[in-house]
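1. below are the sequence and a predicted model for it; my questions follow.
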Amino acid sequence: MPDMLSLSGDRGPLFKKQVGPSEDEQNGLITGIRRDSTMKSAKIISFSPTGTTRRVLEGIAQGLAAQTVEHLDLTPARARTGTIRELDRSLALIGTPVYAGRVPIQAAEALSTIKTAGAPAILVVVYGNRAYEDALLELKGIVEEVGFRPLAGAAFVGEHSYSTETIPIAAGRPDKEDIEKARSFGGLVREMLQKRGSLREVPALDVPGNFPYRDRVSLGTSLESGNDLCVRCGKCGEVCPQEAITVGEDGIATDRGKCILCCACVKTCTTGARRLTHAKIPQYLQMVAALCRDRKEPEFFFPK
Ligand SMILES: Cc1cc2nc3c(=O)[nH]c(=O)nc-3n(C[C@H](O)[C@H](O)[C@H](O)COP(=O)(O)O)c2cc1C
Ligand code: SF4
Ligand code: SF4
């Protein structure tokens, strides 16, 4: 791959001609690793309504020490139109949150519209300290289907979307320690790529999970924001990944058919006006908090 040898600086083009691609490179093997052992480019591909998945991926990208990091953010509805996207073969860091032990359906659909001819991929799921169940295996299946070559995987913990001050669940995560581990994971991936020399030498990746995947669960939705605390700032509408919120003079309207209960609006509202009001929520949160009490740590998966 000529891309691998396009060393920056004034010797660039000449140097490229003199050295020429190695046999491995011509075969289109590891892309984006420069000869001086630094990663040339990486692409973060994420769905992350409350931002924890994105922060973990950024930490991993730092550990990879890629020179350039592009970001394909599949969170906003406008980025998920169904149009096919052809990606080049630079390393992709692909991450989604875990919803009921699965990849959120919106993320799964958006990832399915990508096409690539064998771009290497690092797979990451971020969960709220309960469990990630089949999500990492499902993510692997989705990206393989569209042509990626999974090289490594990880499960990280992020503050639970439903965490509140009164019922905190994994509050503040990913914290400093998690981000440090994300950087280490990126560094380990870089080392693995340098050591192996070509993608052909990287064995197939195994990650935990069961197939058939567990059933998707929907909580239904009930959100409130029409109370006195609302200042009609519109921030909830701006962050809603489903374009489910309309802020008007008469108040805030939520399209319940579109809402996925991701809590981006709740976490963004600084006045406390936006909150979950589903009758079952307090009971559900107590149950989740009880299941999530013990701190879980990030897990890494590499080919054996
Ligand atoms: C609808 C929904 C379902 C969830 N299901 C799980 C789950 O099964 N296990 C878990 O540990 N966390 C679960 N969570 C918590 C999220 O996985 C976690 O908060 C994650 O960090 C959110 O990622 P984001 O910040 O990128 O949106 C769920 C959150 C939502 C909104
Ligand atoms: S973010 Fe909060 S205060 Fe602002 S419009 Fe939405 S509910 Fe109202
Ligand atoms: S309205 Fe629903 S989908 Fe939109 S941000 Fe709020 S919880 Fe998420």
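-> Done, it's in. Ligands and ions are numbered 1, 2, ... in the order given.

2. what's the end-to-end length of stretch 252-262?
-> End-to-end distance for stretch 252-262, by CA to CA, to the nearest Å: 17 Å.

3. do stretch 269-282 as well
-> Using CA to CA, the end-to-end distance of stretch 269-282 comes to 19 Å.

4. in it, which residues are buried?
-> Judged by neighbour count using 16 or more other CB atoms under 10 Å, the buried positions of stretch 269-282 are Cys269, Ala273, Arg274, Arg275, Leu276, Ile281. All C-beta atoms are positioned from the backbone trio N, CA, C, and that covers glycine.

5. return the closest of those residues with respect to Ala244.
-> Comparing the buried residues of stretch 269-282 against Ala244 with CB to CB places Arg274 closest, at 12.1 Å.

6. correct me, but that closest one touches Cys236?
-> Yes: under the criterion of CB atoms under 8 Å, Arg274 makes contact with Cys236 at 5.2 Å.

7. what's near enough to touch Glu159?
-> Thr50, Thr52, Gly128, Ile169, Ala170, Ala171, Gly172, Arg173 (CB atoms under 8 Å, 6 or more residues apart in numbering).

8. switch the cut-off to 7 Å
-> The contact partners of Glu159, taken as CB atoms under 7 Å, 6 or more residues apart in numbering, are Thr52, Ala170, Ala171, Gly172, Arg173.

9. what about the third one, distance to Thr53?
-> Summarising the geometry, the distance separating Ala171 from Thr53, computed by CB to CB, to the nearest Å, is 17 Å.

10. show the residue spans covered by the helices in the stretch 51-200 of the chain.
-> For the stretch 51-200 of the chain, the helices defined by DSSP state H, counting those that start in this stretch cover 52-64, 105-111, 135-145, 176-196.

11. can you turn the buried part of the contacts of Glu159 into a PyMOL selection?
-> The PyMOL selection below is limited to those of the contacts of Glu159 classed as buried (16+ other CB under 10 Å):
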select buried, resi 52+170+173
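
12. residue of this protein closest to ligand 1, please.
-> Gly158 (2.5 Å; CB to the nearest ligand atom).

13. where does the residue of the stretch 101-250 of the chain found nearest ligand 3 fall, phi/psi-wise?
-> Nearest to ligand 3, among the residues of the stretch 101-250 of the chain, is Cys240, at 3.3 Å (CB to the nearest ligand atom). Dihedral pair for Cys240: phi -60, psi 120, per degrees, to the nearest 10.

14. what's the closest non-adjacent residue to it?
-> Closest residue in space to Cys240, ignoring its immediate chain neighbours: Cys265 at 5.6 Å, by CB to CB, 6 or more residues apart in numbering.

15. wait, a helix at that neighbour?
-> Yes: Cys265 forms part of a helix when assessed by DSSP: H, G, I helix; E, B strand; the rest coil.

16. pLDDT value on it, please?
-> Cys265 carries a pLDDT score of 95 in this model.

17. can you pull the contacts of it?
-> Cys236, Val239, Cys240, Ile245, Arg274.

18. of those, grab the buried ones for PyMOL.
-> Selection of buried members from those for PyMOL, criterion 16+ other CB under 10 Å:
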select buried, resi 236+239+240+245+274
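
19. which of the contacts of Cys265 lies closest to Gly141?
-> For the contacts of Cys265, the closest approach to Gly141 (CB to CB) belongs to Cys240, at 28.3 Å.

20. roughly how far apart are the closest one and Leu205?
-> Cys240 sits 34 Å away from Leu205, going by CB to CB.

21. next: Pro241.
-> The spacing between Pro241 and Leu205, counted by CB to CB, is 28 Å.

22. before we move on, what about Thr81?
-> On the measure of CB to CB, Thr81 and Leu205 end up 30 Å apart.

23. looking at those two, which is more packed in?
-> Between Thr81 and Leu205, Leu205 has the larger neighbour count (other CB atoms under 10 Å), namely 20 against 9.

24. how about the more buried one, what does it touch?
-> Leu205 sits next to Lys140, Pro150, Leu151, Ala152, Gly153, Phe301, Pro303 when contact means CB under 7 Å, 6+ apart.

25. if I read this right, the fourth one contacts Phe302, doesn't it?
-> This points to Ala152. Yes: using CB atoms under 7 Å, Ala152 is in contact with Phe302, at 5.2 Å.

26. between those two, which contacts overlap?
-> Joint contacts of Ala152 and Phe302 (CB under 7 Å, 6+ apart) are Met192.
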